[in-house]
Structure formats: C-alpha cells, structure tokens
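> Output the structure for:
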Amino acid sequence: MRERLTTLALALAALLVFLTLFVHAEGPPGTAASVPTTADRHDNGFLGALTWLSEEGVRARAVRERFTALSRMRDLPARGNLLIVTLPAAVPFHKDEARALDDWLLQGNTLLILAALSDRPAWARDRGVFDSDLHLLTGLEIESERPRKDSRGAAATTVAPATRLLPKPQRDTLLPNRAQRYLQDIRAVAGFSDYPPRRWKLDLPRDHFPLCLAHVAASDGCGLWLLPDGNGAIVVSGFGSPFSNRALGEADNARLLANLVRDSVAADGAVLFDDQHQGLSDTYDPDKFYRDRRLYRTLGILAAVWLVWVVGGTRLAAPAAPPPAQGEADLVRATGSFLARVLTPSAAARRMFEHFFLRLRRTLREPTLDPSPYWEWLENHPRLARADVAQLRSWYADAYSDTRVPLVRLHNLIVRTEMQIAA
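Residues are numbered from 1 along each chain as shown. I've put the predicted structure just below:
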C-alpha cells in the first residue's frame, strides 16, 4: 500500500511539472509578443482604445474576417464607418480585399492606416511585405533609403544597430502643419519605437496628390497624409503606435482619435479595428476554445485514466535478480559466523590450545597429553620470548576458568610461536 501511495504522489508531481512547463500565463507588459489587436492588453495592443470608445458610447468592434466581408455586415450602415488598419501586417492582404475595401470607401467610409514608417514598435521589427501592402491599400509607394558605403565598406556597421532592441523606448513626435478638422486642438502626437526606425522616402502617385497634414519633428518629413477616395477618405499615419495602450494617453493622441471619430463616424456608424491581418481570425478563436468545458472534461478524463494506469497497472518493483553462486570463501565465512553465534570464546580458546599442544606433542614426540612438561620446554626455548610464553599461559588459565579470551590475538600468537619453533 505504501508503494502505491508513493507512486500516486510521484504521478501527481509529474502532472504538476507538465502543467508548469506547458501552461503559461500571459507575459508581462511590454514584451515583444504584444501585437496591435483589440485582445492585447499590453503596450502595443488596442484594448484600451476599444474600451475607451465603447465607454464613450461609440460603437467599436474588432474585424476578424477578410475585408471582402465588409459589405456583408448588415448590422453596419453603408456609410459613416471608420476602419483602423495597422502595418506591417502579420497576414498578407489579398487583391480581392483591396477591391472590396475600395468599394466600401467609395460609399462614404474612412480608412485609417497606422503604418510604422517613422516609428518602429516591437511588432514592426520585420517589414515583410509592408511596402506592397501599403501600395495595395493606398497606392502610395515607399522606398527605403539604403545606407551609403564609404571607401572601407562601413555600410554594414549601420545595419546591425537597426536590428538591436533599444535600451528604452524612443519617443517621436508628429507636429501639425496647419489647421485642419482632424487636427483641431492638436499640438503634438507621440509615437514610440522599440527598435531604431528605418530611413525611407515617399514616391507620390501621379494620379492623385495626398495632402500632408503633419510632419515628424525629428526629420521634418511628412508623417500624416489625407487621400480623398470617392465619398470616403484614406488617412495614413507614419506612426504605427499612437493609439496603442502605452501611447493613447500621451500628448494629444486621444484627441486625434476623438477628432477622427467625430468627423468620420456617423451616429449609427462604428469604429472597426482590423484584427484579422494581425493574426486573430474568427476561424480560430482561442478564447472560445479555452472556454469550452469539453476541453477540460477531456483533459480530466485523460489525466484520470493515466493516473489509474500508473498506480494500478504498472509493476512497482523490478523482479529480484537470482543470487550469485556461493564460493568456498563464502561457505567458510558462513560457517564461521554460525559457530561464532553458538560457541563461547573460552571454549574456542580451549580448543585452540588442544590443537596447539597436539601439534607440539608430534614435534617433541612426547607420549603424555599433560601440558605441564610442554610449558617448561617452551619457557626454556631459546627462540621464544618469555613475555610471549607468559601471555600464552595467562590466556590458557583464562580459557579453562571460562574467562573471555581474545581469539584473534591468541591465534596470531600461537602461529608466531610455532613459526619460531620451526625456524
């Protein structure tokens, strides 16, 4: 029973270790895993903006479908909606999405693109298909400025820092160029970079000219554009982070979002956050998956079956190996141990003296068994020390008076005495 309880305790400990290794809590705020979605409550998420708008009475929701589904959202009005998209995206845009989005804008809706051009939060570390997605959605073309090489080829030294995390987030600022309805009461808009921003330049399209509304304080380059699109409009921000959880309360970022909502969203319209292209899709809802009770019932059944198998169906101890064959030394040792338990030291000493005198009788060829003449002969022997003979006589007297005798020392003294006699 004790072995079964021990096995059960070890099995429960193994389950605890498994849960510790494979079931993780949410990471700390500000980690590189934070992405611009409405489900993310960390630095780069949009949960703060979504919650704030909802508390102010503005309809706000996440879009976790392709943009081809915009025309099928019957709960939204045909016009007067604002769609917020962040670039670079984790999921590429399709061409049919661009066509559906353009039709949606022509009806009188607004698209706000937060493109990480002049800032570079952690989620925008790798550009991927950033340029092609921006061109597909807006028609704007972005070219990255390559570092110039000197005579020693020093351009490579400017590439490595671009991929290195900054010791602390770098704050950048957008400043309004002139009065405009989106920039009413706006003095500055802040953005944050976790990696050094890349240098870039904008190639203006020939068919329509975007209006520059604000510029980047550090470079004087344009950082906020307005592109009319039929009855709708496209607003492109060179900052990808102004409405994130960590930046919404900085400078006049919240005021800018409020102005965009005021001038773009109708009374029955809604603010839409694009979660689909940042990796959250309705085809797989992790929150719904983990809320399903069937998941935990299944895990509980599996754990119970495993525990029953471990405790009741496994062999607790390995079969004992057959004992090795006993040798002559083992037989002698076992016999000696047996005799040592039943034979008193004085009796053993008497038997040792009997054998000693028997061997001495054969050496001296004496017919008598009385040890008296042998003691006299031993005391007069020139090779024997008187102290050794006296010790033998003392132990002899102890043996025949049932006094304990040191058998090992007696054995060694008899052997030494016989060797000296035979020398």
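> Low-confidence bits of the stretch 151-300 of the chain, can you list those?
Using pLDDT under 70 as the threshold, the predicted model of the stretch 151-300 of the chain has low-confidence ranges 151-162, 204-208, 284-288.
> swap in the stretch 301-423 of the chain?
Where the stretch 301-423 of the chain drops into low confidence, which here means pLDDT under 70, it does so at 313-319, 339-340, 368-369.
> in it, which spans are helices?
For the stretch 301-423 of the chain, applying DSSP state H, counting those that start in this stretch gives helices covering 328-342, 345-364, 372-380, 386-400, 407-422.
> I'd like those helices as CSV, with distance to Gln170 appended.
Where C-beta positions appear, they are placed from N, C-alpha and C, glycine not excepted. Written out in CSV, the entries for those read as follows (distance: least, C-beta to C-beta, whole Å):
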stretch, distance to Gln170
helix 328-342, 81
helix 345-364, 92
helix 372-380, 106
helix 386-400, 97
helix 407-422, 87
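> Among those helices, which comes closest to Asp282?
Distances from Asp282 to each of the helices of the stretch 301-423 of the chain were compared using C-beta to C-beta; the minimum, 78.2 Å, belongs to helix 328-342.
> what sits up against the closest one?
Gln326 (C-beta atoms under 8 Å, 6 or more residues apart in numbering).
> Now do that helix against helix 407-422, angle only.
Going by axes from the mean of the first three to the mean of the last three C-alpha atoms, to 10 degrees, helix 328-342 is angled at 120 degrees with respect to helix 407-422.
> Next, the angle helix 345-364 makes with helix 328-342.
An angle of 120 degrees separates the directions of helix 328-342 and helix 345-364 when computed by the same axes, to 10 degrees.
> Need the CA coordinates for helix 328-342. PDB is fine.
Once side chains and other backbone atoms are set aside, the C-alpha atoms of helix 328-342 remain, and they are given as PDB (Å, rounded to 0.1, in the frame of the first residue of the first chain):
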ATOM      1  CA  GLU A 328      34.400 -21.600  -0.900                       C
ATOM      2  CA  ALA A 329      35.300 -18.400   0.900                       C
ATOM      3  CA  ASP A 330      31.600 -17.700   1.400                       C
ATOM      4  CA  LEU A 331      31.000 -21.200   2.800                       C
ATOM      5  CA  VAL A 332      33.800 -20.800   5.300                       C
ATOM      6  CA  ARG A 333      32.600 -17.300   6.300                       C
ATOM      7  CA  ALA A 334      29.000 -18.500   6.800                       C
ATOM      8  CA  THR A 335      30.200 -21.500   8.900                       C
ATOM      9  CA  GLY A 336      32.400 -19.300  11.000                       C
ATOM     10  CA  SER A 337      29.500 -16.800  11.500                       C
ATOM     11  CA  PHE A 338      27.300 -19.700  12.600                       C
ATOM     12  CA  LEU A 339      29.900 -21.100  15.000                       C
ATOM     13  CA  ALA A 340      30.500 -17.600  16.400                       C
ATOM     14  CA  ARG A 341      26.900 -17.300  17.400                       C
ATOM     15  CA  VAL A 342      26.800 -20.600  19.400                       C
END
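> Just the residues contacting stretch 57-77, thanks.
With C-beta under 8 Å, 6+ apart as the test, stretch 57-77 has contacts from 37-39, 49-50, 53-54, 83, 93-94, 96-98, 100-101, 103-104, 261, 265-266, 268-276, 280-282, 285.
> how about 6 Å then?
Contacts with stretch 57-77, where a contact means C-beta atoms under 6 Å, 6 or more residues apart in numbering, come from 38, 50, 53-54, 96-97, 100-101, 104, 261, 268-276, 280-282.
> What mean pLDDT does it get?
The average of the pLDDT scores along stretch 57-77 is 91.
> how about it: buried residues?
58-68, 70, 76-77 (16 or more other C-beta atoms under 10 Å).
> for stretch 301-317, same thing?
For stretch 301-317, a neighbour-count test (16+ other C-beta under 10 Å) marks Leu307, Val310, Val311 as buried.
> Would you tell me which one of the buried residues of stretch 57-77 comes nearest to Leu202?
The closest of these, once distances to Leu202 are taken by C-beta to C-beta, is Phe67, at 23.8 Å.
> And for the closest one, nearest residue in space, chain neighbours not counted?
Distance criterion C-beta to C-beta, 6 or more residues apart in numbering; nearest residue to Phe67, sequence neighbours excluded, is Glu97 at 4.0 Å.
> I'd like to know how many residues surround that neighbour.
When neighbours are counted by other C-beta atoms under 10 Å, Glu97 registers 19.
> Shouldn't it be within a helix?
Yes. Going by DSSP: H, G, I helix; E, B strand; the rest coil, the assignment for Glu97 places it inside a helix.
> can you give me the helices for the stretch 1-150 of the chain?
2-22, 47-55, 95-106, 130-138.
> Averaged pLDDT, the longest one. What do you get?
Across helix 2-22, pLDDT averages out at 75.
> try the third one
Mean pLDDT, helix 95-106: 92.
> got the CA positions of that helix in PDB?
Once non-C-alpha atoms are left out, helix 95-106 reads as follows in PDB (Å, rounded to 0.1, in the frame of the first residue of the first chain):
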ATOM      1  CA  LYS A  95      -6.200  41.700 -54.100                       C
ATOM      2  CA  ASP A  96      -9.900  40.900 -53.800                       C
ATOM      3  CA  GLU A  97      -9.800  42.500 -50.300                       C
ATOM      4  CA  ALA A  98      -8.300  45.700 -51.800                       C
ATOM      5  CA  ARG A  99     -11.200  45.900 -54.400                       C
ATOM      6  CA  ALA A 100     -13.800  45.300 -51.700                       C
ATOM      7  CA  LEU A 101     -12.200  47.900 -49.500                       C
ATOM      8  CA  ASP A 102     -12.100  50.500 -52.300                       C
ATOM      9  CA  ASP A 103     -15.800  49.900 -53.000                       C
ATOM     10  CA  TRP A 104     -16.500  50.300 -49.300                       C
ATOM     11  CA  LEU A 105     -14.600  53.600 -49.200                       C
ATOM     12  CA  LEU A 106     -16.400  55.000 -52.200                       C
END
